[in-house]
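In: quick check, what structure comes out for this input:
(one chain, ligands or ions: 1)
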Amino acid sequence: MSEIRIEGISKTYPGGKASAVTDVTLTVADTEFMVLLGPSGCGKTTLLRMLAGLEYPDSGRIVIGDRDVTELPPRKRGIAMVFQSYAVFPHLTVFENIAFGLRMQKRPAEEVRRRVESSAGLLQLEPYLLRYPAQLSGGQRQRVAVARAIVMEPAVLLMDEPLSNLDALLRLQFRAELKKLVGEVHTTTVYVTHDQVEALSLGDRIAVMREGRIIQVAEPMLVYDRPATEFVGSFIGNPPMNFLRGHAHADNGLANVAIGTQSIKAPASVAEAAEVLVGIRAENLQASISAPPNGSGSLRAETLVVEPLGSHLLVTAAVEGQVVKVVTRTDFAVQPGTSIWLRPEPDKLRWLRAADGTALGVS
Ligand code: ATP
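Out: Numbers count the residues shown, from 1 in each chain. Below you'll find the predicted structure:
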């Protein structure tokens, strides 16, 4: 059982102006793949280093399995860590790099061979076992670093941006391999990244961080579809979620949200906020050239830019002076300056308070 419980931990570095991690509570289930996602400086690495025992929290505690490890040094925590800079030993072969930790534990030669070969197999490194790191590509070196971590059969695997030194194509390839691998090794994993695509692709759940705090913890599609705040909706997804500013008032058991001179219907409780943000993803706006029937819930927009992106068009348009991004089919005949109509898919609308960008408790 290798559940991780992080209970109310905070950390301010000596001489640091603000706290790097503030009152973070998070439970990672046994064998779960948890991604810590957030912009540079939000405290992800600090949180991971506290899990590893490379930093100590000022307050709070960390429990792995049934052991309180808050004060334990790294080697007593049953963890293995993979860093961004694949720190492999240049003077050792791939085999000996992977075997290193087992040799330190003075494991019998036969066990070392068996476990190294098994880890190398999982990472498709068998053909390279006798090579030195200088004879490997960046992607292969990073695989050695991962193999060296999993060969230790850690209770917990910690990874800090392990793909970020790889070029775009290798990244894509290794991301899929990593996903397959973690499915096979069943190790509780905490993975740090600022890349939202990586987070969506790999995580069983994503913990989104901002300024030292966790803003939302949920499954990837929930974070994507139902962001807890404007920040989360803007940080995740390419393009970011659209947010239209509107004014809500109660109307016949519903709410009416006025966006400039136009309006859309909303659940009644939206009217409590008065000033609201209407969140909608680019692919959840159905665009049409001809005017839809009255009362269809469509918004009139002015096309500003049309970008053909191969599989789709990305259209930038203005609704009452507010810019929105819309994904359309490539055969959508639209030019800059054309008027179009945008119909938001009603169940994909997200309602937030304009005052602080937090979600209203309605869908
Ligand atoms: P990145 O993606 O850029 O690595 P991050 O989200 O991992 O960022 P951290 O490295 O955890 O963020 O940093 C969180 C905050 O703590 C930042 O404001 C950073 O400047 C500060 N910080 C990090 N390490 C130290 C240190 N050793 N001493 C003082 N301040 C630090």
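In: contacts and neighbour counts: CA atoms only from here.
Out: OK.
In: where does pLDDT dip in this protein?
Out: 86, 295-296, 362-363 (pLDDT under 70).
In: what residues does it put near the ligand?
Out: Remark: the part of the chain in contact with the ligand comprises Tyr13, Gly16, Ala20, Pro39, Ser40, Gly41, Cys42, Gly43, Lys44, Thr45, Thr46, His194, using CA under 6 Å from any ligand atom.
In: name the residues that touch stretch 214-222?
Out: Stretch 214-222 has contacts (CA atoms under 8 Å, 6 or more residues apart in numbering) with 24, 199-201, 203-209, 223, 227-229, 232.
In: please apply the same query to stretch 41-49.
Out: Contact partners of stretch 41-49, identified using CA under 8 Å, 6+ apart, comprise 20-21, 36-38, 55, 158, 160, 190, 192-193, 209-213.
In: and that stretch, which residues are buried?
Out: Cys42, Gly43, Lys44, Thr45, Thr46, Leu47, Leu48, Arg49 (16 or more other CA atoms under 10 Å).
In: now secondary structure too, for those residues, in JSON lines please.
Out: Compiled in JSON lines, the buried residues of stretch 41-49 are given as follows (DSSP: H, G, I helix; E, B strand; the rest coil):
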{"residue": "Cys42", "secondary structure": "coil"}
{"residue": "Gly43", "secondary structure": "coil"}
{"residue": "Lys44", "secondary structure": "helix"}
{"residue": "Thr45", "secondary structure": "helix"}
{"residue": "Thr46", "secondary structure": "helix"}
{"residue": "Leu47", "secondary structure": "helix"}
{"residue": "Leu48", "secondary structure": "helix"}
{"residue": "Arg49", "secondary structure": "helix"}
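In: which of the contacts of stretch 41-49 fall within strands?
Out: Val21, Leu36, Leu37, Leu158, Asp160, Val190, Val192, Thr193, Met209, Arg210, Arg213 (DSSP state E).
In: in contact with the residue nearest in space to the middle of the chain, which residues?
Out: Centroid-nearest residue in the chain: Ala199, 3.0 Å away (criterion: CA atoms, centre = their mean). Taking CA under 8 Å, 6+ apart, we find Ala199 in contact with Val35, Leu36, Leu37, Thr193, Ile206, Pro220.
In: for the helix or strand containing it, C-alpha coordinates in CSV please.
Out: Ala199 is part of helix 196-202, with elements assigned from DSSP states H and E. Extracted in CSV, the C-alpha atoms of helix 196-202 (Å, rounded to 0.1, in the frame of the first residue of the first chain):
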residue,chain,number,x,y,z
GLN,A,196,-0.7,21.0,-19.9
VAL,A,197,-0.8,18.5,-22.8
GLU,A,198,1.5,16.1,-20.9
ALA,A,199,-0.7,16.5,-17.8
LEU,A,200,-3.9,15.7,-19.8
SER,A,201,-2.3,12.8,-21.5
LEU,A,202,-0.6,11.1,-18.5
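In: quick check, distance from that helix to the centre of its chain.
Out: Helix 196-202 has its C-alpha centroid displaced from the chain centroid by 5 Å (CA atoms, centre = their mean, to the nearest Å).
In: flag every buried residue along it.
Out: For helix 196-202, burial by neighbour count (16+ other CA under 10 Å) applies to Gln196, Glu198, Ala199, Leu200, Leu202.
In: can you check stretch 26-41 too?
Out: Within stretch 26-41, the residues that count as buried by 16+ other CA under 10 Å are 26-39.
In: please apply the same query to stretch 303-323.
Out: Buried residues in stretch 303-323 (16+ other CA under 10 Å): Thr303, Leu304, Val306, His312, Leu313, Leu314, Val315, Thr316, Ala317, Ala318, Val319, Val323.
In: what does that stretch rub up against?
Out: 244-245, 259-261, 299-302, 324-330, 332, 334-340.
In: residues near Tyr128, how many?
Out: As a burial measure, Tyr128 scores 17 neighbours (other CA atoms under 10 Å).
In: how is the protein divided into domains?
Out: 4-234, 239-353 (automatic domain parsing).
In: longest helix of the chain?
Out: As assigned by DSSP state H, the longest helix anywhere in the chain is helix 168-185.
In: and the nearest residue to Leu181 once chain neighbours are set aside, how far is that from the ligand?
Out: Spatial nearest neighbour of Leu181, chain neighbours left out: Leu122 (6.7 Å); criterion: CA to CA, 6 or more residues apart in numbering. From Leu122 over to the ligand the distance is 28 Å, taken as CA to the nearest ligand atom, to the nearest Å.
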